[in-house]
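*Asks:* Show me the folded form of this:
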Amino acid sequence: MKKICVLGLLIIATKPAISGVNVVYGNDDRKDIFETSNATHLKLAKSTAGMIHKAMFTKGRADGSFDLKNTQTLERAENICTSERFIDQPLAPTCSGFLVGPDTLITAGHCYKSFHTPQKVCNDFAWVFDYDMKSASHDPTKNLTINNIYNCVSVSFAQLDDQYDFSIIKLDRKVVGRQPLKYRTSGKISNTDPLVVIGHPSGLPTKISANGRVTYNYETTRFSTNLDTFHGNSGSAVFNSTTGQVEGILIMGKNDYRPSIFSLPDSCKVVNKCTDAGQNCTAGAEAGPIQYGEVVLRIEKIASLISKALATK
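*Replies:* Residues are numbered from 1 along each chain as shown. Reported below is the predicted structural model:
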């Protein structure tokens with residue numbers, strides 16, 4: 001999942017123009033909220049959010065509610081084959097994020113620094129909690145309560161380079177009814193720690209993808225995993241699925257989709273599939289850190305900056 005969001009297009013559009021990125025390792029482990037019974041994972045999902053362009057919001061029928069306009073389904077927006085999962089669900093978030101303080105949220109650096117200044121992106125996008133499927137027939141674009149919608153007021157830190165890819169932002173008010181997440185501040189993730197990621201793959205409603213593991217753990221600032229993530233997962237928290245501790249920030253990975261007919265580049269797309277070890281991908285081999293799987297920034301490497309942001313009123 002090459003998770004570099006095309007924010008230059010997104011900021012002038014009212015629908016998510018999303019670049020192709022990420023992959024499924026072994027079985028597709030993505031689940032909707034209503035399909036998940038793990039109480040720990042459901043609690044963690046409450047503290048994750050999606051980044052949605054403000055131009056997509058329109059007043060809803062109920063007082064204090066909003067609808068999202070100009071959304072497209074996964075099938076239409078990405079030219080995904082009808083054989084694939086989630087094709088009828090509406091896309092909205094361009095990136096994912098998670099709470100680390102009452103009014104402080106973390107996401108990927110490229111979500112705020114790819115094409116515009118961080119403050120410009122801050123001004124143009126809101127953060128929405130509970131953009132999820134509450135049943136198979138639920139429409140998540142309707143009746144979004146104002147209590148779940150937060151504006152970005154400032155960017156405390158944003159960095160995007162060969163080693164670091166993160167943003168720490170301040171929201172316009174304290175988030176109601178959700179707890180800041182606990183995160184690793186020292187040490188290093190074990191090769192055997194079980195992993196789960198929560199976010200918005202391809203801009204879809206919240207998905208919980210568990211059964212992940214570390215596939216490469218030797219870089220100083222990053223590690224790789226076989227979690228099933230896609231480009232909209234940029235900024236997602238990667239958790240120890242047993243303890244619920246945040247281990248890192250999902251920042252990039254292998255290609256998400258490939259043409260269903262290799263000789264026809266415009267044919268409908270199917271998910272890129274790899275082995276659990278990140279090998280033999282149907283979209284072909286890739287070099288660099290993503291050769292081992294999805295790349296995660298170690299959150300302990302920015303723990304001191306998070307502390308500074310939390311101390312700023």
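
*Asks:* May I have stretch 132-141 exported as CSV, CA atoms only?
*Replies:* Provided in CSV are the C-alpha atoms of stretch 132-141 (Å, rounded to 0.1, in the frame of the first residue of the first chain):
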residue,chain,number,x,y,z
ASP,A,132,-18.4,3.2,10.1
MET,A,133,-20.9,0.5,9.1
LYS,A,134,-23.4,-0.2,11.9
SER,A,135,-25.1,-2.9,9.9
ALA,A,136,-24.8,-4.3,6.4
SER,A,137,-27.4,-1.9,5.1
HIS,A,138,-26.3,1.2,7.1
ASP,A,139,-25.5,4.4,5.2
PRO,A,140,-22.6,6.1,7.1
THR,A,141,-22.9,9.3,5.0
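
*Asks:* Quick one: mean pLDDT over the strand ranked longest in the chain.
*Replies:* Longest strand in the chain by number of residues (criterion: DSSP state E): strand 149-160. For strand 149-160, mean pLDDT rounds to 97.

*Asks:* So in that sheet, which strands flank that strand, and in what orientation?
*Replies:* Applying DSSP bridges, strand 149-160 is found paired with strand 125-129 (antiparallel), strand 165-171 (antiparallel).

*Asks:* Name the surrounding residues that touch the first one.
*Replies:* Defining contact as Cβ atoms under 8 Å, 6 or more residues apart in numbering, one finds that strand 125-129 is touched by 46-54, 57, 92-94, 97, 105, 144, 148-152, 171, 175, 178. The way it works is simple: take the backbone N, C-alpha and C, and place the C-beta from them, glycine included.

*Asks:* Now list the buried members of those residues.
*Replies:* 46-53, 57, 92-94, 97, 105, 144, 148-150, 152, 171, 175, 178 (16 or more other Cβ atoms under 10 Å).

*Asks:* The residues you listed in strands, which ones?
*Replies:* With DSSP E as the criterion, strands contain 48-53, 57, 97, 105, 144, 149-150, 152, 171 from among the buried ones among the contacts of strand 125-129.

*Asks:* and these, which two are the farthest apart?
*Replies:* Farthest-apart pair in these is Thr48 and Phe57; separation 19.5 Å (Cβ to Cβ).

*Asks:* Next one: the residue nearest to Cys122 when sequence neighbours are not counted from Arg30, what distance?
*Replies:* With sequence-adjacent residues excluded and distances taken as Cβ to Cβ, 6 or more residues apart in numbering, Cys122 is closest to Cys152, at 4.0 Å. Applying Cβ to Cβ, to the nearest Å, the value for Cys152 to Arg30 is 27 Å.

*Asks:* Next: Thr117.
*Replies:* Taken as Cβ to Cβ, the span from Thr117 to Arg30 is 33 Å.

*Asks:* Take the longest helix belonging to the chain, keep the C-alpha atoms, and write them as PDB.
*Replies:* Taking DSSP state H as the criterion, the chain has its longest helix at helix 303-311. The C-alpha trace of helix 303-311 is given here as PDB (Å, rounded to 0.1, in the frame of the first residue of the first chain):
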ATOM      1  CA  ALA A 303       7.100  10.200  22.100                       C
ATOM      2  CA  SER A 304       8.900  13.400  23.300                       C
ATOM      3  CA  LEU A 305       7.200  15.500  20.600                       C
ATOM      4  CA  ILE A 306       3.800  14.100  21.600                       C
ATOM      5  CA  SER A 307       4.600  15.100  25.200                       C
ATOM      6  CA  LYS A 308       5.400  18.600  24.000                       C
ATOM      7  CA  ALA A 309       2.200  18.800  22.000                       C
ATOM      8  CA  LEU A 310       0.100  17.600  25.000                       C
ATOM      9  CA  ALA A 311       1.700  20.200  27.200                       C
END
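
*Asks:* For burial, what's the neighbour tally of Thr282?
*Replies:* Using other Cβ atoms under 10 Å, Thr282 has 15 other residues around it.

*Asks:* Need the three-state assignment for it.
*Replies:* Following DSSP: H, G, I helix; E, B strand; the rest coil, Thr282 is assigned to coil.

*Asks:* So, low pLDDT: which residues of the chain?
*Replies:* For the chain, applying pLDDT under 70 flags the ranges 1-22.

*Asks:* Nice, that's everything, thank you.
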